[in-house]
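Trainee: predicted model, plus sequence, below.
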Amino acid sequence: MTPRRGRLVAFEGVDGSGKSTQARILATTIGAVLTFEPGATGLGSALRHLLLDPGHPEPEVRAEALLMAADRAQHVAEVIRPALEEGRAVVTDRFSGSTLAYQGYGRGLPVGELSQLVAWATGGVEPDLTVVVDVPLAVARRRLERGAADRLERGAADRLERGAADRLVKRSADRLERLDVRFFSRVRDGYLELAGADPLRWSVVDGDADVDSVAAAVRQAVEQRLGDVFDEERS
Ligand code: TMP
């Protein structure tokens, strides 16, 4: 008998929202494949460097959307679709919602056109549920700054890792520099609008609390919408 197609849960939110931590906790809880965008495949990793490393020239916004879509097409083909077809649950840290929120609401590309691009890139694979971890921008900024400081401290403790830590901190600093409040406030509002327009497939969780409380809220949202993910885990 062919196994039933697995469920796909995507986590979304602005940088510093805590969504990666929450994606990891949910994946562990339900025994799902944990993955992320951009960069989860060989091609994707090269694209991630091109897109995010400070040394590369910033792409034009349509080029940025196309490169994100290329990463997603490879990610679906190599990681997500095979796992879903095996009947496994998949949790991804970012998916199509990021392109709609960042390149659409954030950078101003038409969201309807991006939806078509995203549907074409994924061959129609859509999350069964997208969880937005929502935080005020001041909280996101504080978390990003704390993350950069932690990485610097860890790098200093291990001289061999210093080069890598420097690169990480540089990347964080670069992001902080790019943390233009108006841009991120459009991204955040975009997520809330997307979620409001499709309440069956999107859920907004308040991320401005301690990790365990947010994890409990995520669990409740997933259980409400996709209770069978937990049932399968129990069986
Ligand atoms: P990450 O730090 O969560 O891995 O995200 C990397 C950055 O890429 C983050 O600033 C959001 C951005 N991004 C987009 O702009 N569009 C997309 O489609 C994706 C997947 C990420």
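Mentor: That came through fine.

Trainee: quick one: the strands in this protein?
Mentor: 8-12, 33-36, 90-93, 129-134, 202-206 (DSSP state E).

Trainee: mind listing what the fourth one pairs with, with the direction of each?
Mentor: Sheet neighbours of strand 129-134, with direction, are listed as strand 8-12 (parallel), strand 202-206 (parallel) (DSSP bridges).

Trainee: swap in the second one?
Mentor: For strand 33-36, sheet partners with direction are given as strand 90-93 (parallel), following DSSP bridges.

Trainee: dump the partner strand to CSV, restricted to CA.
Mentor: Output in CSV follows, covering the C-alpha atoms of strand 90-93 (Å, rounded to 0.1, in the frame of the first residue of the first chain):
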residue,chain,number,x,y,z
VAL,A,90,8.0,17.9,6.9
VAL,A,91,8.6,21.1,8.9
THR,A,92,10.3,23.9,6.9
ASP,A,93,11.8,27.0,8.3
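
Trainee: so where's the chain uncertain?
Mentor: Scanning the chain with the threshold set as pLDDT under 70 gives 1-3, 151-179, 231-235.

Trainee: skip the chain neighbours and tell me the closest residue to the residue nearest to the spatial centre of the chain.
Mentor: Centroid check for the chain by CA atoms, centre = their mean gives residue 94 as the closest residue, at 2.1 Å. What sits nearest to residue 94 in space, not counting adjacent residues and going by CB to CB, 6 or more residues apart in numbering, is residue 37, at 4.3 Å. (C-beta placed from N, C-alpha, C; glycine too.)

Trainee: from residue 212, how far off is the one you found?
Mentor: 26 Å (CB to CB, to the nearest Å).

Trainee: who's more crowded, the two?
Mentor: For residue 37 and residue 212, the more surrounded residue by other CB atoms under 10 Å is residue 37, and the numbers stand at 24 against 9.

Trainee: next, that one: phi, psi?
Mentor: phi -140, psi 150 (degrees, to the nearest 10).

Trainee: show me the contacts for it.
Mentor: Taking CB atoms under 8 Å, 6 or more residues apart in numbering, we find residue 37 in contact with 44, 68, 71-72, 75, 92-95, 98.

Trainee: mind listing what's buried along the longest helix along the chain?
Mentor: Using DSSP state H, we find that the single longest helix of the chain is helix 211-234. Under the neighbour-count criterion of 16 or more other CB atoms under 10 Å, helix 211-234 has 214-215, 217-219, 221-222, 225-226, 229, 232 buried.

Trainee: same check on stretch 110-126?
Mentor: For stretch 110-126, a neighbour-count test (16+ other CB under 10 Å) marks 111, 114, 117-118, 121-122, 125 as buried.

Trainee: what does this structure put close to the ligand?
Mentor: Contacts of the chain with the ligand, taken as CB under 6 Å from any ligand atom, map to 15, 36-38, 52, 68, 94, 98-99, 102-103.

Trainee: and these, which are buried?
Mentor: The buried subset of these (16+ other CB under 10 Å) comprises 15, 36-38, 68, 94, 98-99, 102-103.

Trainee: ends of stretch 122-141, how far apart?
Mentor: Using CA to CA, to the nearest Å, the end-to-end distance of stretch 122-141 comes out at 31 Å.
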